[in-house]
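Student: requesting a structural model of the entry that follows:
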Amino acid sequence: MEIQIFKTKDDLNHTFTEQIKEIISEKERVTVALSGGSTPKSLFDYWAQLPKGEIDWKKVRFFWGDERCVPPSDDESNYKMTKEHLFDLVPVPNENIFRIHGENDPGSEAVRYGKLLTGELETTNGVPSFDILMLGMGDDGHTASIFPHEITLWDSPENCVTATHPVSGQRRVSLSGKVINAAKNVFFLVTGENKADKVKEIIEQPDQAGKKYPAALVQPDSGNLYWFLDHGASKSLRNK
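Tutor: Numbering: from 1, shown residues only. The predicted structure follows:
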């Protein structure tokens, strides 16, 4: 794994963008799984103000690592956040956007999206494989929408699973562990001091953390795992 620590979100956004531009430049078509939350929102705002042509949006095909089971017009929707902060501002073709239909029955949608991934992505050992997979991490150690109380969902044989938020009970559709770990490049974008203790545990004691936190189970087969942290999220690490 590679760990980078940044003073500001702008520094993080710039370095991440330079890295994915390199990946995009090497392929005719690039598949990206997005995440929700405040850190990606900041990244999308950064992308939206890049000089025209710096990223060839026609080459990029957008998917999601998880979605809340709400309509696309709901403020809770990861799709809506991305649309308002990115898609409405840059020339991404509509046919390059593959959203999870949060308004549908969660179980049926998990099946539909899982099949869509099989049809649209390259596969590695029969598992859909993203070129770029963005992940966040909650202060409880969850990632995508796999939470500690449902950590067994990680090992689902399906491409997508239905999950439940431990406090609100909100239903979610999420990638399963096998699809996450099949990605060619996995990026954790984690900011905030409230994440620092979990970051330390996951990075410094991965075997123990893997029994408790889904984020510790992110170990891509490619070996290409990148942690992008701000000072707050990294402050408990022994060796910075």
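Student: point out where the protein drops to low pLDDT.
Tutor: 240 (pLDDT under 70).
Student: just the helices in it please.
Tutor: 9-25, 38-48, 78-82, 106-120, 177-182, 196-204, 206-209, 231-234 (DSSP state H).
Student: report all helices and strands that the first one contacts.
Tutor: Other elements packing on helix 9-25 under the criterion 3 or more Cβ pairs under 8 Å, 6 or more residues apart in numbering; DSSP states H and E are strand 2-6, strand 30-34, helix 38-48, strand 186-190, strand 225-230. C-beta: built from backbone N, CA, C; applies to glycine.
Student: just to revisit the earlier point, rebuild the helices of the chain as JSON lines, extending it with mean neighbour count and distance to residue 150.
Tutor: What follows is the helices of the chain, written out as JSON lines (neighbours: other Cβ atoms under 10 Å; distance: least, Cβ to Cβ, whole Å):
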{"stretch": "helix 9-25", "mean neighbour count": "16", "distance to residue 150": "29"}
{"stretch": "helix 38-48", "mean neighbour count": "18", "distance to residue 150": "22"}
{"stretch": "helix 78-82", "mean neighbour count": "22", "distance to residue 150": "19"}
{"stretch": "helix 106-120", "mean neighbour count": "17", "distance to residue 150": "13"}
{"stretch": "helix 177-182", "mean neighbour count": "23", "distance to residue 150": "12"}
{"stretch": "helix 196-204", "mean neighbour count": "19", "distance to residue 150": "17"}
{"stretch": "helix 206-209", "mean neighbour count": "14", "distance to residue 150": "16"}
{"stretch": "helix 231-234", "mean neighbour count": "20", "distance to residue 150": "24"}
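Student: could I get those as CSV with distance to residue 170?
Tutor: As requested, these are exported to CSV (distance: least, Cβ to Cβ, whole Å):
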stretch, distance to residue 170
helix 9-25, 27
helix 38-48, 18
helix 78-82, 12
helix 106-120, 10
helix 177-182, 21
helix 196-204, 21
helix 206-209, 25
helix 231-234, 25
